[in-house]
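**Student:** predicted model and sequence follow; I will ask about them next.
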Amino acid sequence: GQSLEQPSEVTAVEGAIVQMNCTYQTSGFYGLSWYQQHDGGAPTFLSYNALDGLEETGRFSSFLSRSDSYGYLLLQELQMKDSASYFCAASNQAGTALIFGKGTTLSVSS
Amino acid sequence: DAGVTQSPTHLIKTRGQHVTLRCSPISGHKSVSWYQQVLGQGPQFIFQYYEKEERGRGNFPDRFSARQFPNYSSELNVNALLLGDSALYLCASRFTGTANTEAFFGQGTRLTVV
């Protein structure tokens, strides 16, 4: 089967840096995506890694290591509005669906 | 530009009833996927349609069915509702049919089965 593991909760303070990890077991792996979801809202795309290494988009960076079946999302200069759930997702073998982890809930305090 | 729109936003149904959820993708997007999200979990894949054909199906019972129309909008149908079907149903659209591109999600339909 396919599964992605994420820590359930992370807490941090404003201005800090936080790293949220994701380990995966999937067949036919294409790449790792990250989505943010605020309570009651739609998941929104943050980043996608098809190759090993770091992708940077503003305050967000995402890393992938295919050999370790591991990735992470790094958020810098945390803001209160970053409090949300963060999901890693991998495409299934047929490339038709995203398989999501259970998500990490990030709580940012002042 | 309008994003992905879903209707209705909230719905309350009784066990055993039938429900139809609707999704309009972003203009120009030909792929629509449906996901079920229960509280505290990540979205779980139900169906993907691309160019009006079913391209993928998740591990859901036959009570769940879907279709895509010529204008690329889509319906998700659930028959014989169970209490466990209570969830947020999300629709996602893409320009292409592959899952390694950005998916744009709608706000979802919150279904409560009583």
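**Tutor:** Noted; the coordinates are in hand. Being a predicted model, the structure only gives us computed values, none of them experimental.

**Student:** okay, CA-based contacts and neighbour counts for the rest of this
**Tutor:** Noted.

**Student:** and residue B:81, that one's in a helix?
**Tutor:** No. If the criterion is DSSP: H, G, I helix; E, B strand; the rest coil, then residue B:81 is coil and not within a helix.

**Student:** wait, what's in contact with the most centrally placed residue in chain B?
**Tutor:** When CA atoms, centre = their mean is applied to chain B, the residue found nearest the centroid is residue B:34 (3.0 Å). The neighbours of residue B:34, taking CA atoms under 8 Å, 6 or more residues apart in numbering or on different chains as the test, are B:45-48, B:76, B:89-92.

**Student:** now swap in residue A:70 and tell me
**Tutor:** The contact partners of residue A:70, by CA under 8 Å, 6+ apart, come to A:21-24, A:64.

**Student:** tell me, how many residues neighbour residue A:15?
**Tutor:** Residues lying near residue A:15 (other CA atoms under 10 Å in any protein chain shown) number 15.

**Student:** residue B:2 against residue B:26, yeah?
**Tutor:** Yes. Residue B:2 is in contact with residue B:26 according to CA atoms under 8 Å; the separation is 6.5 Å.

**Student:** neighbour count: these two, which is higher?
**Tutor:** Neighbours were counted for residue B:2 and for residue B:26 using other CA under 10 Å; residue B:26 has more, 23 against 8.

**Student:** helix or strand: which one has the more buried one?
**Tutor:** According to DSSP states H and E, residue B:26 maps onto no helix or strand at all.

**Student:** hey, what's the residue nearest to residue B:7 when sequence neighbours are not counted bridged with?
**Tutor:** In this structure, residue B:7 finds its nearest non-sequential neighbour in residue B:22, 5.3 Å apart by CA to CA, 6 or more residues apart in numbering or on different chains. Judged by DSSP bridges, the bridge partners of residue B:22 are residue B:7, residue B:75.

**Student:** can you pull the contacts of residue B:22?
**Tutor:** Going by CA under 8 Å, 6+ apart, residue B:22 touches B:6-8, B:73-76.

**Student:** do the same with residue B:97
**Tutor:** A:96, B:30-31, B:49-50 are the contacts of residue B:97 under CA under 8 Å, 6+ apart.

**Student:** identify the farthest-apart pair in these.
**Tutor:** Largest separation among those by CA to CA: A:96 and B:30, giving 13.0 Å.

**Student:** follow-up on the earlier one: any of the contacts of residue B:22 buried? List them.
**Tutor:** For the contacts of residue B:22, a burial check counting by 16 or more other CA atoms under 10 Å in any protein chain shown picks out B:6-7, B:73-76.

**Student:** no further questions, thank you.
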